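**Q** Quick one, structure for this:
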Amino acid sequence: MRIFLICVLATASVAASWWNVQSTGIDANLRGIAAVVHRGNTILWATGSKGTILRSTDAGQTWSPIHIDGAETLDFRGVQTFDGKAVYVMSSGEGEASRIYKSADGGENWKLQYTDKRKGFFLDALVCSDSSRCFALSDPIDGKFLLLATTDGERWNELPREHMPVSLPQ
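**A** Take a look at the predicted model:
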């Protein structure tokens, strides 16, 4: 029992030294994180409520707020990057509050790539296999899940829904 306790205490001590609490100076709930090592630099992106997008180019030592015009109230829950410059961010919310934006220049300029006015449209997840192939999942619409895809990093298309699973009754 003593050896176990010593191992636990030693492990906790080492693990505690890995964490360093940072203040972003932003009053928001952070919900998404993406990290990439590019040319020896660790670049981090974080997203959250109240239109929050943050970027760090020094492994999280300092953070810079990134702004998208017209997105100040959105709840950004997803972020994907592969080189730190090209980045996708996804917001969640009813109808047009669910959006996918892309920046090709580290957050200087943003392009709204997708949104939808349909009732029930609510983006839940964003995943990319590389900088041009991504998927986004929405809550069910008319009883079936909705899956979006891009294969060129620019245009998003709804995948055929006839093979999508039916949602369970609520």
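**Q** got the contact list for residue 88?
**A** Under the criterion of CB atoms under 8 Å, 6 or more residues apart in numbering, the neighbours of residue 88 are 78, 79, 80, 81, 100, 101, 102, 113, 126, 128, 134. The way it works is simple: take the backbone N, C-alpha and C, and place the C-beta from them, glycine included.
**Q** Pull the contacting residues for the last one.
**A** The neighbours of residue 134, taking CB under 8 Å, 6+ apart as the test, are 80, 88, 126, 127, 128, 149, 150, 153.
**Q** And for residue 27?
**A** Residues near residue 27 by CB under 8 Å, 6+ apart: residue 50.
**Q** which helices and strands sit right next to the host helix or strand of residue 47?
**A** Of the helices and strands defined by DSSP states H and E, residue 47 is found in strand 41-48. Of the remaining helices and strands, those touching strand 41-48 by 3 or more CB pairs under 8 Å, 6 or more residues apart in numbering; DSSP states H and E are strand 30-38, strand 53-56, strand 75-81, strand 87-92.
**Q** okay if I get those strands as a markdown table plus distance to residue 64?
**A** Shown next, in a markdown table, are these (distance: least, CB to CB, whole Å):
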| stretch | distance to residue 64 |
| --- | --- |
| strand 30-38 | 15 |
| strand 53-56 | 5 |
| strand 75-81 | 14 |
| strand 87-92 | 13 |
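**Q** Ranked by average pLDDT, which of those falls at the bottom?
**A** Of all the helices and strands packed on strand 41-48, mean pLDDT reaches its minimum on strand 30-38 (a mean of 92).
**Q** Give me the buried positions along that one.
**A** Neighbour-count burial for strand 30-38, counted by 16 or more other CB atoms under 10 Å, picks out 31, 32, 34, 36.
**Q** Equivalent analysis for stretch 55-62, please.
**A** 55, 56, 57, 60.
**Q** who's in contact with it?
**A** For stretch 55-62, the surrounding residues in contact (CB under 8 Å, 6+ apart) are 20, 22, 41-46, 63-64, 66, 84, 106-107.
**Q** Need those residues in TSV (columns: neighbour count).
**A** Shown next, in TSV, are these (neighbours: other CB atoms under 10 Å):
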residue	neighbour count
20	7
22	11
41	12
42	15
43	22
44	20
45	26
46	23
63	19
64	12
66	20
84	22
106	18
107	21
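**Q** quick one: which of those residues is nearest residue 96?
**A** Comparing the contacts of stretch 55-62 against residue 96 with CB to CB places residue 66 closest, at 20.9 Å.
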